[in-house]
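Undergrad: Need a 3D model of the sequence below.
(chains A, B, C and D)
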Protein chains: 2
Amino acid sequence: MVGMPTIYDVARHAGVSPATVSRVLNGHEGVDAALTARVRESAATLGYRPNSLARNLRRSTTNLWAVIISDVNNPFFTAVVRGVEDAGQDLGYSVVLCNSDEQPDKEARYVTALLADQISGFIVSPTSRTANIRALVDAGRAVVAIDRRPRGLALDTVLVDNEHGAREATAHLIDQGYERIACITGPSRLSTASQRLRGFRAALRAAGRTPEPELERHADFRERGGYEAMADLAAARPDAVFVANNLMTVGALEFLSDKGIRVPDEVAVVGFDDVPWATFIRPPLSTVTQPTYELGRTAATLLKSRIDDPGRPPTVATLRTELHVRASSRRR
Amino acid sequence: MVGMPTIYDVARHAGVSPATVSRVLNGHEGVDAALTARVRESAATLGYRPNSLARNLRRSTTNLWAVIISDVNNPFFTAVVRGVEDAGQDLGYSVVLCNSDEQPDKEARYVTALLADQISGFIVSPTSRTANIRALVDAGRAVVAIDRRPRGLALDTVLVDNEHGAREATAHLIDQGYERIACITGPSRLSTASQRLRGFRAALRAAGRTPEPELERHADFRERGGYEAMADLAAARPDAVFVANNLMTVGALEFLSDKGIRVPDEVAVVGFDDVPWATFIRPPLSTVTQPTYELGRTAATLLKSRIDDPGRPPTVATLRTELHVRASSRRR
DNA sequence: TCGCAACGAGAAACCGATTTCTCGATAACC
DNA sequence: GGTTATCGAGAAATCGGTTTCTCGTTGCGA
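TA: Here you go, the predicted model:
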């Protein structure tokens, strides 16, 4: 490896002290204009780039953020990462990606390793065990939670307005004239699942209807669960269904397809979560999309201001969902 | 931030010098057993974790790898990243994710920034302008290219056997009894596109057929290109089509659906690239899947051995694809 | 003209590890 | 018993920046 020039080389070349070079390059005021020019020129000539290890050691911080997500294959999380990464780069940070894979011990290993790395900020997705997040907070690190509010910790958090999204989707189905609207939601212990169910019921009540338990199902947020819940619902003869998560939506569609039940003529479908292939499914799928990219950007913004002002009281940002109506829920 | 204990704290606590602590913790031989035990105990008691900034500054390296990919939303790349990340963690490295977004200047910015960061290894996806990769190599950094062989640079590279994959897919269509088999491939300047076309033709010739230019199309590897190429092909009345990339496959399917052309009864379809939603499309889509996760792991392995032995001659690893036959290409 | 404040820039300390250098003690050999 | 390897462990240098401390100079007011 060719030795890169150091601040001492630049200082010698410009005939000044390393301290002055540092001041010039960091934009500190009160350096003679002539010197400033000489330093800049020398730095450019030598192709000098400050060694960030040394800088960070002295400042005891880094320009690194870590994003700990539970599944790098889930398009929801990758879109978030992309938002964080774009915003981070604008602010001068690089992003380290950590894939906890739903395994608490893997996550814990990351946390201890990253703590030693002087990482300046963390963005953590909800699936984490609270103890791990707490370790970060206790070590005085800047932490932002996304998608779900961590229990018992006052943190900067970026959430999605699940209730509103579910309500809007259900209202749309009512508006289209569907009579027996069902809901498949996730495990009741997950706040996202219960919030979406609450929105579903609220929309029904707002239209003067009464939610019927026989038209509601809890499943596990996975494809198979959606399939089985839909099969189970069939006896109740719904003419529309709101499915509270992307994978379960796929499962429900598979059941309908297997049984030759036409969408939307016999059963209309609206799904929650962005599904990149929503438009490619036949018929194209109506969805409640989450602003994933914006979610990442917002988390980055919050993280930055937390770093700049560690004493600031925690804020919670809630983002709106957007209803995309496609053929799967349109009366013909 | 609560001050974390330093090596000096451990040294004081154990009644030895910092040098000895360093030797013990790095497993250097020839330290008295009693001292070793004292040091270990003190380190554990204080919860000491070496500051990796200081260590890396001294060693002038880091435990960081950078993966520069062109699109973090493309499932192909995220699967690769996941492979790199898993393997990297086993080897003691963290992975910094960089999304060049197909923009050469954004990529260049990353390269200069990362060079200053003493990143120890790079894994770069093909879309990069060669000049950027060359800058990394010239700076003496360990670099592994993935998916495409960079022109004019002898590098460790991990490729996929595109020709074989295309050949197998086409042979399958021939085997199913299709007569007029078409091919939609990518821009001819991209090696992946031309290799897949070559495999397509080879399979035809192996079956005693002659490739017909009117059944071949070049498009841009994007959805719209696939749609238009399929529209253009329709006049030639193919009864099957091999599409050389995931997004174009989606475009082709959309055209067929829009025109009411049934799959596979009127036109059979096989796509190249893993498509996570392949089984959810109706009919389920036959695909040539690439071993994306393995590709990432292999790249990580190569990078590690390059770091350990910088003088080693470059190796090229080529991975096999796998044909998944589903309903879209099965005679009924 | 003198004194003091303000200011600009260099010298040196510092961040927290690793690694070389050095020295004292023990062991081995003649 | 004396001299020389051997070895273990501490002192100090080092990595390459940033930041404090210090000092010489200038400018302004009295």
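Undergrad: so how many other residues sit close to the nearest residue to A:Ala252 once chain neighbours are set aside?
TA: Closest residue to A:Ala252 apart from its sequence neighbours, by C-beta to C-beta, 6 or more residues apart in numbering or on different chains: A:Met230 at 4.0 Å. Quick note: C-beta positions are derived from backbone N, CA and C, even for glycine. Using other C-beta atoms under 10 Å in any protein chain shown, the number of residues around A:Met230 comes to 29.
Undergrad: Next, see if the worst-scoring helix or strand of chain A on mean pLDDT gets close to DNA strand C.
TA: Least confident helix or strand, chain A: helix A:104-116 with a mean of 79, by mean pLDDT, DSSP states H and E. No - judged by C-beta under 7 Å from any atom of the strand, helix A:104-116 and DNA strand C are separated, with a smallest distance of 8.0 Å.
Undergrad: could you say what helices and strands that helix packs with?
TA: Other helices and strands packing on helix A:104-116, by 3 or more C-beta pairs under 8 Å, 6 or more residues apart in numbering or on different chains; DSSP states H and E, are strand A:64-69, strand A:94-99, helix A:130-138.
Undergrad: which secondary structure element contains the residue most central in space within chain A?
TA: Computing the C-alpha centroid of chain A and ranking residues by C-alpha atoms, centre = their mean puts A:Val80 first, at 3.9 Å. Assigned by DSSP states H and E, A:Val80 belongs to helix A:75-90.
Undergrad: again, but for A:Asp71
TA: Going by DSSP H and E, A:Asp71 is not part of any helix or strand.
Undergrad: From DNA strand C, how far off is the closest residue to it other than its chain neighbours?
TA: Leaving aside its chain neighbours, A:Asp71 sits nearest to A:Phe77 (5.9 Å; criterion: C-beta to C-beta, 6+ apart). As for A:Phe77, its distance to DNA strand C is 33 Å (criterion: C-beta to the nearest atom of the strand, to the nearest Å).
Undergrad: if we can go back for a sec, isn't there a helix covering the residue nearest to A:Ala252?
TA: Yes - under DSSP: H, G, I helix; E, B strand; the rest coil, A:Met230 sits within a helix.
Undergrad: quick one: it from DNA strand D, how far?
TA: 59 Å.
Undergrad: do A:Asp161 as well
TA: Here the criterion is C-beta to the nearest atom of the strand. By it, A:Asp161 lies 41 Å from DNA strand D.
Undergrad: need the contact list for that residue.
TA: Residues near A:Asp161 by C-beta atoms under 8 Å, 6 or more residues apart in numbering or on different chains: A:318-321.
Undergrad: So which residues on the stretch 1-150 of chain A come close to DNA strand C?
TA: With C-beta under 7 Å from any atom of the strand as the criterion, the stretch 1-150 of chain A meets DNA strand C at residues A:15-20, A:29-32, A:35, A:54, A:57-58, A:60.
Undergrad: Among the residues you listed, the buried ones, what's the PyMOL command?
TA: Listed next is the PyMOL selection for buried residues among these, using 16 or more other C-beta atoms under 10 Å in any protein chain shown:
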select buried, chain A and resi 16+20+35+54+57
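Undergrad: So among the residues of the stretch 1-150 of chain A next to DNA strand C, where is pLDDT lowest?
TA: In terms of pLDDT, the weakest of these is A:Gly30, which scores 79.
Undergrad: name the element that one belongs to?
TA: Counting by DSSP H and E, A:Gly30 is found in no helix or strand.
Undergrad: With adjacent residues omitted, what lies nearest to it?
TA: A:Arg23 (8.0 Å).
Undergrad: wait, isn't A:Val24 in contact with A:Arg40?
TA: Yes - counting by C-beta atoms under 8 Å, A:Arg40 is a contact partner of A:Val24 at 6.6 Å.
Undergrad: For these two, indicate the residue with more neighbours.
TA: Of the pair A:Val24 and A:Arg40, A:Val24 is the one with more neighbours under other C-beta under 10 Å, namely 22 against 15.
Undergrad: Can you give me every residue that contacts the more buried one?
TA: By C-beta under 8 Å, 6+ apart, the residues touching A:Val24 are A:31, A:35-36, A:39-40.
Undergrad: Apply 10 Å and report the result again.
TA: A:10, A:14, A:16, A:31-32, A:35-40, A:42-43 (C-beta atoms under 10 Å, 6 or more residues apart in numbering or on different chains).
Undergrad: which of these lies closest to DNA strand C?
TA: A:Asp32 (2.7 Å; C-beta to the nearest atom of the strand).
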